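Visitor: Pasting a predicted model and its sequence here:
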Amino acid sequence: MLDAIEQLEREGVASLAHAATPSALEAWRVEYLGSNGRLKAALSGLKDVPKEQKPAVGQRLNAAKAALESAFAARKEGVGSTATAERLDMTEPGLVLTRALGQQHILTRVRDELVEVFARMGFGVADGPELEDDEHNFIKLNIPPGHPARDESDNFYVDDPARTARARMLRSQTSTVQIRVLEKMVAAGGGRLREAVKIVAPGRVYRPDTVDATHSFMFHQIEGLCVDRAVTMSDLKTTLLQFARAYFGPDAQVRLRPSFFPFTEPSAEFDMLITLRPDQPPRWIELGGCGMVDPAVFAACGVDPEEWSGFAFGFGIERLAMGKYGIPDIRLLFENDIRFLQQV
Ligand code: DAH
């Protein structure tokens, strides 16, 4: 009897090694460990064993049962994982475990692109403070006290302009940088302008506008200033057309419309034919203003208008970005929804 149990155990362990699939494994379990299986049969043979041999045979049977059960459990684990491996689709793309890289915000990129285009036309870069005073935001730009553009409801004042000299405010336009640059150059020249000026100044501006698809209380402008001897309106037009073609492509269509700004004379509005939505025809979009620097601005900065002339322009960077990349709503640029940012 003991030999028979020994053999049962050996056979069981040996044939288990051939059970390579879950169904073969189940068939083995039924044959050896099932309720009508071979181990059960051996157990029921115990009753015929002579009484004095029963403890030894019983023990041997228990040991065989434990051995078969643990061999089965171990094999099951092995077969289980092989079965998973068999189901692996090797053509499936692997998990991407690399960290997603960030990228520059679209407005930063557009700003850099614009600066780059103007740099190729000989413009340097200047900047000025966002917290300005009304002397630079208004007075020296020929916007005197009482002018409607200074209205408190149209500007973010930090000081009360009615009570404070040089009231501070968040600048409403980058034209402030024209004044800052001219003042600095005149100071450096010992009280007079001694060399030509050719700069662009990108930066944030603030106006209490109601937010909608084309307005925001904070946006960006890029200001341009070119001062030299005998600069004319046709230099301005050429510069703007060259810029539009360089940035939007050779087919860019632009137009100037007569307008009014206190700091330029004559003044014009600069429009471009732009497709904002693929399902709509292109529209003339106003990108900003421009004109010949008003002699009053030169005088306020100590520049001799008899010796120097110049042109200036100021464009909305969001509008340029929307036109260039077909972005239909300005709010997309500020909400910082990662799904939008990853697309542009
Ligand atoms: N500062 C004007 C604005 O914010 C835009 C502008 C118009 C700038 C004419 C200029 C200019 O330099 O010459 O609406």
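Guide: That came in fine, so what should we check first? Model, not experiment: these values are computed from the prediction.
Visitor: contacts and neighbour counts: CA atoms only from here.
Guide: Will do.
Visitor: which residues in this structure form strands?
Guide: For the chain, the strands defined by DSSP state E cover 124-125, 131-133, 168-170, 197-206, 218-228, 254-261, 264-274, 283-293, 309-316.
Visitor: and among those strands, the most buried is which?
Guide: Across the strands of the chain, the average number of neighbours (mean count of other C-alpha atoms under 10 Å) peaks for strand 309-316, which reaches a mean of 24.
Visitor: what's the spacing between the helix or strand bottoming out on mean pLDDT in the chain and its chain's center?
Guide: In the chain, the helix or strand scored least confidently by mean pLDDT, DSSP states H and E is helix 54-87, which has a mean of 81. Distance of helix 54-87 from the chain centroid (C-alpha atoms, centre = their mean, to the nearest Å) equals 58 Å.
Visitor: Find the closest residue to the ligand in the stretch 51-200 of the chain.
Guide: The stretch 51-200 of the chain approaches the ligand most closely through Gln173 (4.6 Å), counting by C-alpha to the nearest ligand atom.
Visitor: what's the distance between that residue and Pro129?
Guide: 11 Å (C-alpha to C-alpha, to the nearest Å).
Visitor: what about those two, which has more around it?
Guide: Gln173 (23 against 14; other C-alpha atoms under 10 Å).
Visitor: wait, what's in contact with that one?
Guide: Gln173 makes contact with 137, 205-206, 221, according to C-alpha atoms under 8 Å, 6 or more residues apart in numbering.
Visitor: again, 10 Å this time
Guide: 130, 137-138, 203-207, 219-223, 314-316 (C-alpha atoms under 10 Å, 6 or more residues apart in numbering).
Visitor: doesn't Val227 make contact with Pro295?
Guide: No. The pair Pro295 and Val227 does not pass the contact test of C-alpha atoms under 10 Å, sitting 11.8 Å apart.
Visitor: Counting neighbours, what do you get for the closest residue to Arg245 other than its chain neighbours?
Guide: Nearest non-adjacent residue to Arg245, counting by C-alpha to C-alpha, 6 or more residues apart in numbering: Ala252, 5.4 Å away. Other residues within reach of Ala252, judged by other C-alpha under 10 Å, total 16.
Visitor: same check, this time on Leu61
Guide: Around Leu61 sit 23 other residues, with neighbours defined as other C-alpha under 10 Å.
Visitor: residues touching it, list them.
Guide: Counted by C-alpha under 10 Å, 6+ apart, Leu61 has contacts 1-2, 5-6, 8-9, 39-40, 42-43, 46, 55, 67.
Visitor: coming back round to it: need the overlap of contacts for Gln173 and Pro129.
Guide: Residues touching both Gln173 and Pro129 (C-alpha under 10 Å, 6+ apart): 203-204.
Visitor: Could you list the low-pLDDT ranges of the stretch 201-344 of the chain?
Guide: The stretch 201-344 of the chain contains no residues with pLDDT under 70.
Visitor: and it, which residues reach the ligand?
Guide: Within the stretch 201-344 of the chain, the positions adjacent to the ligand are 223, 261, 264, 288-291, 312-314 by C-alpha under 6 Å from any ligand atom.
Visitor: Identify the farthest-apart pair in these.
Guide: The two members of these with the most space between them (C-alpha to C-alpha) are Glu223 and Phe261, at 14.1 Å.
Visitor: Distance from the chain centre to stretch 4-22, please.
Guide: Using C-alpha atoms, centre = their mean, the offset of stretch 4-22 from its chain centre is 63 Å.
Visitor: per-domain residue ranges of the chain.
Guide: Domains of the chain are assigned by automatic domain parsing as 2-87, 106-343.
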